[in-house]
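Trainee: Have a look at this prediction, sequence included:
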Amino acid sequence: MNMTQQLGQQKPAGDPGGQALSTPEHIALVEKRSAHNYSPLPVVIAEGHGAWVVDVEGTKYLDCLAGYSAMNFGHHNPELLAAAHRQLDRVTLTSRAFHNDQLGPWVSALADMVGKQKVLPMNTGAEAVETGIKVARKWGYEIKGIPENEATIVVAGNNFHGRTTTIVSFSSDPEARTGFGPYTPGFRSVPYGDAAALEAAVDHTTAAVLVEPVQGEAGVIVPPKDYLPKIREICDRNRVLLIADEVQSGLGRTGTIRACEHTGVVPDAYLFGKALGGGILPVSAMVADENVLDVIQPGQHGSTFGGNPLAGAVGSTVVRMLTEGPYLENARHLGAVLRRRLKELVGNGVIAARSIGLWAGIDVDPALGTGRELCQKLAERGVLVKDTHGSTVRMSPPLTISEDELNWCLDRFEEVIGELRDR
Ligand SMILES: *Cc1c(COP(=O)(O)O)cnc(C)c1O
């Protein structure tokens, strides 16, 4: 008898989860019945509260990944849950065939928060990026006058913008890309951080530059301070849109609403996602001025779920929390703590550490082990983080984390590094 049949027999009707299964049983079930598109650490989470999660065995972990920044406001956030609950009891989905009373207030609050005029709401980050690409191409033909089907978009090497066929077409990661061709044409990739290379790739066919202000998946790569200002200037000189993918860097992660703020650069469009849904549902958006977003007319782009009333209720609350709450201040204050403590580790088992706000990429000495091994050992000590590219560990705790909790996490990190060095 297979596991599902057993589960079916054991489970009383109406059982919401699979609490009867142990950790190994859960993992075996997922290994057997879920596609292997991820290789999760062997922790089966059953509940979350603030910066903490609890697994099916009752073990507590400090969640220092926070859903890659989707959980910026922590698990089980009472303000977000109250907003979602209120809306669940009213109406959750209308489609855009009709208006709903949550959309207008949400999009105007979101646009105002970042000083733009309009919003195009979608769901996942990849959809926001696809929206940016479509809008940029249409703007290129209709406003800039690029010859039909010749529009190009300049992107950066080692980018991460999502997983659709078009987006992986301009990824430089063989794992993300190989086997998924034929690839969408119209993209030019240049090394991240190199403004001269970017300028050389721009010509009369260029509609947009699409860039992450800080590259998250690549290992929290913070570009030189003058990089974004130079791109802004190149875009202005060549009449090219600057689109900032702030899906991971935006909404508080770096201590500001937009990572772009650190360099004073104002892009033509922002792409937001992840934390925009408060960790409750996928919510993403492209935010720009009229002269950009007005190229899209009815029937040309959309989504069944984009702009749904539940997303609007949660999204409005996210905007209010960011503008009124302590989250940015906490990310700034604790970001300084994080930076100071990581600096102490450099040379002691850590080769380099980059951080901005509550977001860090830590290159562990490969001689100590892989990033995966380190994450595994941290999990055994109650800290959840995620490796990326070999021996780099990425940290992005919820912005609600306390100083004591952050120090506790870094103490465990130090312990594990020490243990690996001594073996
Ligand atoms: C996560 C991410 C995306 C894709 O978001 P999904 O919701 O997973 O589709 C796009 N851009 C950046 C910078 C991201 O970090």
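Mentor: Looks like it came in fine. Numbering: from 1, shown residues only.

Trainee: For Ala126, which residues are in contact?
Mentor: His161, Gly162, Arg163, Thr164, Ile167 (CB atoms under 8 Å, 6 or more residues apart in numbering). C-betas here are computed from N, CA, C, even on glycine.

Trainee: nearest to the ligand, of the residues you listed?
Mentor: Gly162 (3.7 Å; CB to the nearest ligand atom).

Trainee: And the pLDDT at the closest residue to the ligand within the chain?
Mentor: Nearest to the ligand in the chain, going by CB to the nearest ligand atom, is Gly125, at a distance of 2.1 Å. Looking at Gly125, its pLDDT stands at 98.

Trainee: what about it, distance to Lys230?
Mentor: With distances taken as CB to CB, to the nearest Å, Gly125 is found 26 Å from Lys230.

Trainee: neighbour-wise, which of the two wins?
Mentor: Gly125 (27 against 18; other CB atoms under 10 Å).

Trainee: which residue sits closest to the more buried one in space, ignoring its chain neighbours?
Mentor: Gly273 (3.3 Å; CB to CB, 6 or more residues apart in numbering).

Trainee: Wait, the one you found touches Val283, no?
Mentor: Yes. Taking contacts as CB atoms under 8 Å, Gly273 lies within contact range of Val283: 7.3 Å.

Trainee: who has more neighbours, those two?
Mentor: Taking other CB under 10 Å, Gly273 and Val283 do not tie; Val283 has more neighbours (31 against 28).

Trainee: so who does that one touch?
Mentor: Pro121, Asn123, Gly273, Leu276, Gly277, Ala311, Val314, Gly315, Val318.

Trainee: how deep is the fourth one tucked in, by neighbour count?
Mentor: Spelled out, it's Leu276. By other CB under 10 Å, the residues close to Leu276 number 30.

Trainee: which residues sit in contact with it?
Mentor: Leu110, Leu251, Val283, Ser284, Ala285, Gly315, Val318.

Trainee: One more pass at 6 Å, please.
Mentor: Neighbouring residues of Leu276 by CB atoms under 6 Å, 6 or more residues apart in numbering: Val283, Gly315, Val318.

Trainee: how about the residues of the stretch 1-150 of the chain near the ligand?
Mentor: For the stretch 1-150 of the chain, the residues in contact with the ligand (CB under 6 Å from any ligand atom) are Tyr68, Thr124, Gly125, Ala126, Val129.

Trainee: Quick check: which element contains the first one?
Mentor: Assigned by DSSP states H and E, Tyr68 falls within helix 66-69.

Trainee: Mind giving me the packing neighbours of that helix?
Mentor: Helices and strands touching helix 66-69, as assessed by 3 or more CB pairs under 6 Å, 6 or more residues apart in numbering; DSSP states H and E, are absent.

Trainee: buried residues in it?
Mentor: Neighbour counts over helix 66-69 (16 or more other CB atoms under 10 Å) mark Ala66, Gly67, Tyr68, Ser69 as buried.

Trainee: repeat for stretch 56-68
Mentor: Neighbour-count burial for stretch 56-68 flags Val56, Thr59, Tyr61, Leu62, Asp63, Cys64, Leu65, Ala66, Gly67, Tyr68 (criterion: 16+ other CB under 10 Å).

Trainee: Could I get the contacts of Val283 in TSV, plus columns for secondary structure?
Mentor: As requested, the contacts of Val283 are exported to TSV (DSSP: H, G, I helix; E, B strand; the rest coil):
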residue	secondary structure
Pro121	strand
Asn123	coil
Gly273	coil
Leu276	helix
Gly277	helix
Ala311	helix
Val314	helix
Gly315	helix
Val318	helix
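
Trainee: Taking those, tell me the two that lie furthest apart.
Mentor: Distances among the contacts of Val283 were taken as CB to CB; the most separated pair is Asn123 and Val318, at 14.4 Å.

Trainee: quick one, which of these two is more surrounded?
Mentor: A direct count of neighbours by other CB under 10 Å for Asn123 and Val318 places Val318 higher, at 33 against 22.

Trainee: Go ahead and confirm the more buried one touches Gly279.
Mentor: No. In this structure, Val318 is not within contact of Gly279 by CB atoms under 6 Å, at 9.6 Å.

Trainee: Pretty sure Thr206 sits against Thr152.
Mentor: Yes. Thr206 lies in contact with Thr152 (CB under 6 Å); the separation is 5.2 Å.

Trainee: SS state for the residue lying closest to Met113 once chain neighbours are set aside?
Mentor: Computed as CB to CB, 6+ apart, the closest residue to Met113 that is not its neighbour in sequence is Val319, at 5.3 Å. Three-state call for Val319 (three-state DSSP): helix.

Trainee: which residues does Val319 contact?
Mentor: The contact partners of Val319, by CB under 6 Å, 6+ apart, come to Ala109, Leu110, Met113.

Trainee: what's near enough to touch the second one?
Mentor: Each residue near Leu110 by CB under 6 Å, 6+ apart is listed here: Val119, Val319.

Trainee: can you redo the contacts of Ala126 as a markdown table with neighbour count and distance to Arg239?
Mentor: A markdown table is the format used below for the contacts of Ala126 (neighbours: other CB atoms under 10 Å; distance: CB to CB, whole Å):
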| residue | neighbour count | distance to Arg239 |
| --- | --- | --- |
| His161 | 27 | 23 |
| Gly162 | 22 | 27 |
| Arg163 | 15 | 31 |
| Thr164 | 16 | 27 |
| Ile167 | 23 | 25 |
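
Trainee: which of these are close to the ligand?
Mentor: Restricting those to those touching the ligand (CB under 6 Å from any ligand atom) yields His161, Gly162.

Trainee: got TSV for the contacts of Ala126, with distance to His36 and secondary structure too?
Mentor: Output for the contacts of Ala126, formatted as TSV (distance: CB to CB, whole Å; DSSP: H, G, I helix; E, B strand; the rest coil):
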residue	distance to His36	secondary structure
His161	23	coil
Gly162	20	coil
Arg163	15	coil
Thr164	20	coil
Ile167	21	helix
